[in-house]
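Enquirer: quick one: sequence and predicted model below, then my questions.
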Amino acid sequence: GNSVTQMEGPVTLSEEAFLTINCTYTATGYPSLFWYVQYPGEGLQLLLKATKADDKGSNKGFEATYRKETTSFHLEKGSVQVSDSAVYFCALSEGTGGSYIPTFGRGTSLIVHP
Amino acid sequence: GAVVSQHPSWVICKSGTSVKIECRSLDFQATTMFWYRQFPKQSLMLMATSNEGSKATYEQGVEKDKFLINHASLTLSTLTVTSAHPEDSSFYICSAAKGLENFNEQFFGPGTRLTVL
């Protein structure tokens, strides 16, 4: 079956540091890949996505590239801010017969200190 | 845009009562809606998938008689936690999919915090 593996957190960084959160996946077909962010007490918000190999998703300074050869979708940001502190979820979605099969990673907590 | 709302945002109830949570897609028609449960500091656990006008598909281990899902229209799905108990206390999140070919993208509601006393 499909699965998503994220690096365990929490990830603790100082403001303006470089961020990488690793994500690898297994899937039977050709999934779309997503990063979601969840701020405390809130639902998930889509951060970025990529729908095919070599696509790069980007938003708010975050980037992730769909690497089919390494089955990875690592999240990066060049300079984090305190406001980036949140939980980040890597996810994949694969349609089968018209239905969607969402799979989430366990989430990685990011804590950014001033 | 693609906005999904949930109501209520939080609810406290007594053990044994039933609680209904609504999930609405405000500006699009959702072919499929999902219900998740999230425990503190954990990932989302998919509870069920519902398509408008048909019965929900529950994930293994989820009691369908306890978590009743109704997807009456393309913009509304409801989750009813029947005879709630303290162990049902959790953060419930719904999402909706537009169903645009291969996007397979879900739009999430803000979540509902349920506390059962």
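Expert: That came through, no problem. Residues are numbered from 1 along each chain as shown, chains lettered A, B, ... in the order given.
Enquirer: C-alpha from now on. contacts and neighbour counts both.
Expert: OK.
Enquirer: B:M45 against B:Y58, yeah?
Expert: No: counting by C-alpha atoms under 8 Å, B:M45 stays clear of B:Y58, with 11.5 Å between them.
Enquirer: okay, and A:T24 sits in which element?
Expert: Under the criterion of DSSP states H and E, A:T24 resides in strand A:23-26.
Enquirer: which SSE is immediately downstream of that strand?
Expert: Remark: after strand A:23-26, the chain's next helix or strand is strand A:32-38, criterion DSSP H and E.
Enquirer: what does the lowest-mean-pLDDT helix or strand in chain B contact?
Expert: The helix or strand of chain B with the poorest confidence is strand B:106-108; it has a mean of 85 (mean pLDDT, DSSP states H and E). Contacts with strand B:106-108, where a contact means C-alpha atoms under 8 Å, 6 or more residues apart in numbering or on different chains, come from A:43-46, B:2-4, B:93-98.
Enquirer: ok, now stretch A:35-44?
Expert: With C-alpha under 8 Å, 6+ apart as the criterion, stretch A:35-44 contacts A:45-49, A:75, A:85-91, B:93, B:108-111.
Enquirer: rerun that using 7 Å as the cut-off
Expert: With contact meaning C-alpha atoms under 7 Å, 6 or more residues apart in numbering or on different chains, stretch A:35-44 is reached by A:45-49, A:86-91, B:93, B:108-111.
Enquirer: what subset of those residues is buried?
Expert: Taking 16 or more other C-alpha atoms under 10 Å in any protein chain shown as the criterion, what is buried in the contacts of stretch A:35-44 is A:45-49, A:86-91, B:93, B:108-111.
Enquirer: pull the most distant pair out of those residues.
Expert: Greatest spatial distance among these (C-alpha to C-alpha): A:K49 and B:G111, at 21.5 Å.
Enquirer: the residue lying closest to B:T32 once chain neighbours are set aside: neighbour count?
Expert: Nearest residue to B:T32, sequence neighbours excluded (C-alpha to C-alpha, 6 or more residues apart in numbering or on different chains): B:N51, at 4.7 Å. Here the count is done by other C-alpha atoms under 10 Å in any protein chain shown, and B:N51 has 22 residues near it.
Enquirer: distance between the ends of stretch B:39-58?
Expert: Stretch B:39-58 has its terminal residues 18 Å apart, counting by C-alpha to C-alpha, to the nearest Å.
Enquirer: can you check stretch B:49-59 too?
Expert: So stretch B:49-59: terminal residues 8 Å apart, C-alpha to C-alpha.
Enquirer: cool, and stretch B:68-87?
Expert: For stretch B:68-87, the end-to-end distance is 17 Å (C-alpha to C-alpha).
Enquirer: return the set of buried residues in it.
Expert: So for stretch B:68-87, counting by 16+ other C-alpha under 10 Å, buried means B:68-71, B:74-82, B:84-85.
Enquirer: ok now it, how far from the chain's centre?
Expert: 7 Å (C-alpha atoms, centre = their mean, to the nearest Å).
Enquirer: contacts made by that stretch with the rest, please.
Expert: Residues outside stretch B:68-87 that contact it (C-alpha under 7 Å, 6+ apart) are B:15-26, B:29-31, B:50-53, B:56, B:66-67, B:116-117.
Enquirer: let's see 8 Å
Expert: B:14-26, B:28-31, B:33, B:35, B:50-56, B:65-67, B:115-117.
Enquirer: now the buried members of those residues.
Expert: Neighbour counting with 16+ other C-alpha under 10 Å marks B:15, B:19, B:21-25, B:28-31, B:33, B:35, B:50-52, B:56, B:67, B:115-116 as buried within the contacts of stretch B:68-87.
Enquirer: tell me which of those fall in strands.
Expert: Judged by DSSP state E, strands contain the following of those: B:19, B:21-25, B:33, B:35, B:50-51, B:67, B:115-116.
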